[in-house]
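In: the sequence and its predicted three-dimensional model are supplied below.
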Amino acid sequence: MKKLILAVLLLVPSAASAQDLAPSGLDTRVKFWSIDTGLRNTFVKDAAYDPYSGNDAFSQWSVGMARTTVVRGNFTFAPGFRWDVGSSASTARGAETNLLAHRLTVPLEARYHEAKWLYFFGRVAPGAMFQRSRVTDVSLSEPMVDSGWVPASDFSLGASLMFASFSDDPASRAPRFWITPEVGYAWSGRASAALSPKTEGDDPRAFGTLSMTGATLRGAFFRINVTSTF
């Protein structure tokens, strides 16, 4: 009998430790709200992008949010919203050029929680992108501009590694901080590039249209964010 009681006492801490390692819908290290911000760099090989940049890189500031909605063992699912914004400037035939892009997507994120301080994820993020092309020539009194929306999507893989926490309590909503590297492929439609001055309707001046090939901001991308969860 004494041996049986001793065995039970030895098993209780082990069971508690095993339970602590199992993801739970009540564990805020697994089920949480998240906000993040960081930098994104897309490598654009489209020749139509060359007039707007001296290299193939298109950099953007990135901010996003998500919420865990499903917990199934070590797997979770979290939909969210993301905004990437950035611009690139260069010169073409003596004229100043600028390309601005706002990328709005809805990431659908599947996660695998390897540990309470580490999870891996895959994202599919459909959305749309606003692009504005501008050419400023000193020989013209007004810059030539074209803008519009195109469909866009991201496909990516990444991981989040916790590096700071205000509480070790699994039920606490105290903030936790993660470093989140991510790699993937960005797709977008080809934007319009029939540039013309944006003037008032009653402006008597006559202007022509500058026709260029619209740039597609497609290509491999890398993003690194700092994520806060609570």
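Out: Nice, I can see it.
In: ok, now which ones touch the residue nearest to S172 when sequence neighbours are not counted?
Out: Of all residues not flanking S172 in the chain, T28 sits nearest, at 6.3 Å (Cβ to Cβ, 6 or more residues apart in numbering). Just so you know, the C-beta spots here come from the backbone N, C-alpha and C atoms, and that holds for glycine as well. Neighbouring residues of T28 by Cβ atoms under 8 Å, 6 or more residues apart in numbering: P170, A171, S172, R173, R176, T229, F230.
In: and T28, what pLDDT?
Out: T28 carries a pLDDT score of 89 in this model.
In: for T136, same thing?
Out: Reported pLDDT for T136: 88.
In: what sits against it?
Out: Counted by Cβ under 8 Å, 6+ apart, T136 has contacts A95, E96, T97, N98, P143, M144.
In: contacting residues for the fourth one?
Out: Neighbour list for N98: Y52, S87, S88, A89, R132, S133, R134, V135, T136 [criterion: Cβ under 8 Å, 6+ apart].
In: name every strand pairing with the helix or strand hosting the fifth one and say which way it goes.
Out: So the one you mean is R132. Under the criterion of DSSP states H and E, R132 resides in strand 118-136. Strand 118-136 has the following strand partners under DSSP bridges: strand 95-105 (antiparallel), strand 108-115 (antiparallel), strand 144-165 (antiparallel).
In: how far out from the middle of the chain is the shortest one?
Out: It stands for strand 108-115. 16 Å (Cα atoms, centre = their mean, to the nearest Å).
In: quick one: mean pLDDT for it?
Out: Strand 108-115 shows a mean pLDDT of 97.
In: ok, back up a step: out of the strands paired with strand 118-136, which one sits most buried?
Out: strand 95-105 (a mean of 19; mean count of other Cβ atoms under 10 Å).
In: how far away from the center of its chain is that strand?
Out: 16 Å.
In: what of stretch 104-111?
Out: 9 Å.
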